[in-house]
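# Next comes the sequence, and after it the predicted model I'd like to discuss.
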Amino acid sequence: MANYENPRRYATTAVPGTAAADVVDEGLRAHMLRVYNYMVFGLALTGVFALGTYMLTTTGTPTAYQVASDLYLTDLGVTFYTSALQWVVILSPFAFILALSFGIQRMSTGTAQLVFWAFAAVMGVSLSSIFIVYDLGSIAQVFFITAATFGAMSLWGYTTKRDLTGMGSFLFMGLIGIIIAMIVNIFLGSSALGFAISVLGVLIFTGLTAYDTQKIKEMYYAEDDGTVAGRKAIMGAVTLYLDFINLFLMLLRLFGNQRD
């Protein structure tokens, strides 16, 4: 994976209160703003593609494949959600994550951006099924809850003086645990286990939001050239984007209202 570890280096490049320190602080703010801008644009792109795919694959006119009391799949929807193609749609975002994680050091900033935008678009197609399962009102409500939670935890991660490294290791172990539990529950189909996974997932991704924000902040280095700084910003955006998406999905499982 891309390795940009640079613990607290941004804080040691200048003496606090000097002009050099002011330059570092200004550069750090610009870097974090760049990360958040990439992340927000990626989320917007995901939303557009998710909603667009939903509109293309469903209809209110009765067809042979009914998914809710007033919702039916079009021919394209049947192909998308009931054939082997659904697994390509579900798994394709992982290919982009691997490409960015292991290949970004060989990419220009422009190429890395394009891969990230493509990843966000494909993720939107993959997530389009939530509009079939949950009503639009609850999706919007959970999205704003997620945004508020993410914003608060990311702000805390950015401003806290506490070293969150130890918390990050614990959260990573928890993440591995819920991934294993989710795979097991595919075969068990236990609603109780599913509920527990969702609750733990909310706690884990809430914590990871703060941890990852601090880590992105600490990887900033004022003397990085434009290419390295651009790669760091994109990988930071990918990390926070995944935290947001996973937190949203876990909260949706808990509080989303399913269609009749």
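Nice, I can see it.

# Identify the residues contacting stretch 190-197?
178, 181-182, 184-185, 250, 253-254 (Cβ atoms under 8 Å, 6 or more residues apart in numbering). No exception for glycine: its C-beta is placed from N, CA and C like everyone else's.

# For the residues you listed, which two are the farthest from each other?
Farthest apart among the contacts of stretch 190-197 by Cβ to Cβ are 184 and 254. That separation is 19.5 Å.

# now, which of the contacts of stretch 190-197 sits nearest residue 158?
Using Cβ to Cβ, the contacts of stretch 190-197 come closest to residue 158 at residue 250, 22.4 Å.

# sec struct for the closest one, please.
helix (DSSP: H, G, I helix; E, B strand; the rest coil).

# If I follow the layout properly, it ends up in contact with residue 202?
Yes: counting by Cβ atoms under 8 Å, residue 202 is a contact partner of residue 250 at 4.7 Å.

# Between these two, point out the one with more neighbours.
residue 250 (23 against 20; other Cβ atoms under 10 Å).

# which element is the closest residue to residue 118 other than its chain neighbours on?
Nearest residue to residue 118, sequence neighbours excluded (Cβ to Cβ, 6 or more residues apart in numbering): residue 96, at 6.3 Å. Assigned by DSSP states H and E, residue 96 belongs to helix 85-103.

# which other residues reach that helix?
Contacts for helix 85-103 (Cβ under 8 Å, 6+ apart): 1-2, 79-80, 112, 115-116, 118-119, 122-123, 125-126, 234-235, 238, 242.

# and if you look at stretch 172-182?
Counting by Cβ under 8 Å, 6+ apart, 193, 196-197, 200-201, 203-204, 208 sit against stretch 172-182.

# Narrow those to just the buried residues.
The neighbour-count test (16 or more other Cβ atoms under 10 Å) marks 197, 200-201, 204, 208 as buried among these.

# As CSV, these with secondary structure, pLDDT and distance to residue 75 would be great.
Listed next are the buried ones among the contacts of stretch 172-182 as CSV, based on DSSP: H, G, I helix; E, B strand; the rest coil; pLDDT from 0 to 100; distance: Cβ to Cβ, whole Å:
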residue, secondary structure, pLDDT, distance to residue 75
197, helix, 92, 34
200, helix, 94, 39
201, helix, 94, 35
204, helix, 95, 39
208, helix, 96, 40
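
# just those residues now: which is nearest residue 141?
So of these, ranked by how close each gets to residue 141 (Cβ to Cβ), first place is residue 201, at 18.3 Å.
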